[in-house]
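[1] one predicted model, sequence on top.
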Amino acid sequence: MPHQSPRPIVPRSRRLIACAFVCAMVLPAASWAVDWGKTAAAEVSLFYPGQMSWEKVLTASSHKGATKFRAGETCHDCHRDEEAEMGASQAQLTGFAGRNAVTVQLRAAVQGDSLHLQMSGPAVDGKAPSVAIMLGNEALKSTAQAGCWAACHDDAPGMASDSGQKLGKYLPRSRSRNTATGGGDSVRPQAELDVALAAGEFLDVLEIEASGTGERGHVLDKLHMGELVGAASMRIENGRWVAEIQRPLQAAGSGQIALEAGKVYHLGIALHDPGSEGREHLVSLARSLSIGSGSADIVAASQ
C-alpha cells in the first residue's frame with residue numbers, strides 16, 4: 001500500500017481490472033505452490049480501535065499505560081488477550097454498531113525469493129473484507145511498540161482533532177512539529193524524508209481487496225499506494241474468507257523493506273469489513289515475524 005515520481009492517474013475501475021488480469025497471469029507459477037499444511041497458523045486478535053490515536057497512547061489522562069509505554073513497553077506487553085474487551089469498550093464509546101472484534105489465522109512461508117502470507121477469518125454475510133498488512137524493521141521503533149497506532153493520529157479524518165485537514169496515515173518521523181493534536185501539515189522537507197526512507201523508517205504495506213486485487217505501498221509522510229509486484233487472491237471457503245499474497249524478499253526501490261533470512265520484523269493487520277471505510281476498521285497489536293527460522297510470533301519457514 002509508493003509513488004516516487006508522478007504518474008498518470010488511472011480511474012480505479014480500470015486499474016482494478018488491469019491489476020486483476022496481471023495477478024491472474026502470475027498466480028499459477030508462484031503463490032499456489034506453497035503447501036500451507038506444512039505451516040503453523042498463528043491466531044491474531046483484531047479489534048475496533050475507536051478514536052484512540054498515537055497522541056492519546058502517549059497521554060496519561062487518556063491512557064493509563066502511557067508512562068510504561070514511554071519507558072519502552074509495547075502495546076502487546078500490556079494488552080495481550082484484552083483485544084475483544086478493548087474493541088467492545090471503544091465501540092460503546094463511539095457508538096460503532098459493526099463487528100468490534102475477530103480472531104484471524106495468519107500463516108507465512110518463504111519459497112524461493114518470495115514471502116507468502118495467508119490470512120483467514122469468518123466472513124460477514126458471506127462476503128470478504130479488505131485486508132492490509134504493515135511491515136516494519138528494527139529502524140522503526142514506534143511501530144515495533146504500537147503497530148499501526150504510530151500512523152494513526154488525532155488529526156486524521158473522523159478523529160477527535162479533525163478539523164477538515166484531510167490528512168491520512170503518516171508517521172511522527174515525517175513531521176517537524178508533533179503535538180497532542182497531531183503533526184498536521186508540518187511535513188519535513190523531501191531531503192529529510194529521503195533520509196528516513198533510506199534508513200528504513202517507514203511502514204511497508206501490502207493490501208488485498210475483497211475482489212482479490214493486491215496493492216503495495218508505504219507510509220511515511222502519507223500513505224503511498226502502487227501496484228503489487230507479486231500475486232494476491234481472495235476467496236470464500238466454508239463460510240470463511242481466505243486471503244493470500246506474495247511479495248519479493250528483496251526491495252525493488254525506495255519505500256520497500258528487504259527481508260533477510262534469520263532477521264525479525266514486526267507486522268500489524270488491519271481489516272475493513274464489507275461496507276466499512278476510514279477508521280471503521282479492526283486492527284491488531286504488533287506481532288513479530290521471522291524470516292526462514294528463529295523465535296517470533298510468526299515464523300516464515302522455507303519450503
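    Yep, it's here. Given the structure is predicted, the values throughout are model-derived calculations rather than measurements.
[2] can you tell me the helix or strand for residue 81?
    Here residue 81, judged by DSSP states H and E, is contained in no helix and no strand.
[3] quick check: mean pLDDT of stretch 116-130?
    Averaged across stretch 116-130, pLDDT comes to 96.
[4] and for residue 81, the neighbour number?
    Using other C-beta atoms under 10 Å, residue 81 has 8 other residues around it. In short, each C-beta sits where N, CA and C put it, glycine included.
[5] please state the backbone phi and psi of the closest residue to it other than its chain neighbours?
    Leaving aside its sequence neighbours, residue 81 sits nearest to residue 45 (C-beta to C-beta, 6 or more residues apart in numbering; 7.7 Å). When read as degrees, to the nearest 10, the backbone of residue 45 gives phi -90, psi 130.
[6] swap in residue 78?
    Dihedral angles for residue 78 - degrees, to the nearest 10 - are phi -90, psi -30.
[7] quick check, pLDDT for the closest residue to it other than its chain neighbours.
    Closest residue to residue 78 in three dimensions, ignoring its sequence neighbours and counting by C-beta to C-beta, 6+ apart: residue 65, at 5.0 Å. At residue 65, the model reports a pLDDT of 87.
[8] circling back: neighbours around the residue nearest to residue 81, how many?
    Applying other C-beta under 10 Å, we find 20 residues neighbouring residue 45.
[9] list the contacts of it.
    By C-beta atoms under 8 Å, 6 or more residues apart in numbering, the contact set of residue 45 is 81, 83-84, 101-103, 284-285.
[10] so it bridges to which residues?
    In this entry, residue 45 is beta-bridged to residue 103, by DSSP bridges.
[11] sorry, back to before: is it true that the residue nearest to residue 78 touches residue 73?
    Yes. Here residue 65 reaches residue 73: they are 7.3 Å apart, a contact under C-beta atoms under 8 Å.
[12] can you redo the contacts of residue 45 as TSV with distance to residue 149 and pLDDT?
    Listed next are these as TSV, based on distance: C-beta to C-beta, whole Å; pLDDT from 0 to 100:
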residue	distance to residue 149	pLDDT
81	18	89
83	13	94
84	18	95
101	17	97
102	19	97
103	20	97
284	11	95
285	9	93
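[13] which among those residues count as buried?
    For the contacts of residue 45, a burial check counting by 16 or more other C-beta atoms under 10 Å picks out 83-84, 101-102, 284-285.
[14] ok, so of the residues you listed, who is nearest residue 135?
    Comparing these against residue 135 with C-beta to C-beta picks out residue 284 as the nearest, at 12.8 Å.
[15] skipping its backbone neighbours, what lies nearest the closest one in space?
    Per C-beta to C-beta, 6+ apart, closest to residue 284 is residue 269, 4.4 Å.
[16] and that neighbour, what is it in contact with?
    Contacts of residue 269 by C-beta under 8 Å, 6+ apart are 44, 46, 104, 106, 119, 131-134, 283-284.
[17] so the residue of the chain most remote from its centre: helix, strand or coil?
    Seen from the C-alpha centroid of the chain, the residue lying at the greatest distance (C-alpha atoms, centre = their mean) is residue 61, 27.4 Å away. Following DSSP: H, G, I helix; E, B strand; the rest coil, the label given to residue 61 is coil.
[18] and the gap between the residue nearest to residue 81 and residue 119?
    Going from residue 45 to residue 119 by C-beta to C-beta, to the nearest Å gives 13 Å.
[19] hang on, the earlier thing: among the contacts of residue 269, which pair sits farthest apart?
    104 and 134 (14.6 Å).
[20] so which of these two has more stuff around it?
    Counted by other C-beta under 10 Å, residue 104 and residue 134 do not tie: residue 134 has more neighbours, with 27 against 23.
[21] thought the more buried one was touching residue 143?
    Yes. Counting by C-beta under 8 Å, residue 134 touches residue 143, with 7.1 Å between them.
[22] what residues do the two have in common as contacts?
    151, 203, 268.
[23] specify which member of the residues you listed is nearest to residue 160.
    For the shared contacts of residue 134 and residue 143, the nearest to residue 160 is residue 151 (16.4 Å; C-beta to C-beta).
[24] spit out the contact partners of that closest one.
    The neighbours of residue 151, taking C-beta under 8 Å, 6+ apart as the test, are 54, 134, 143, 169-171, 203, 219.
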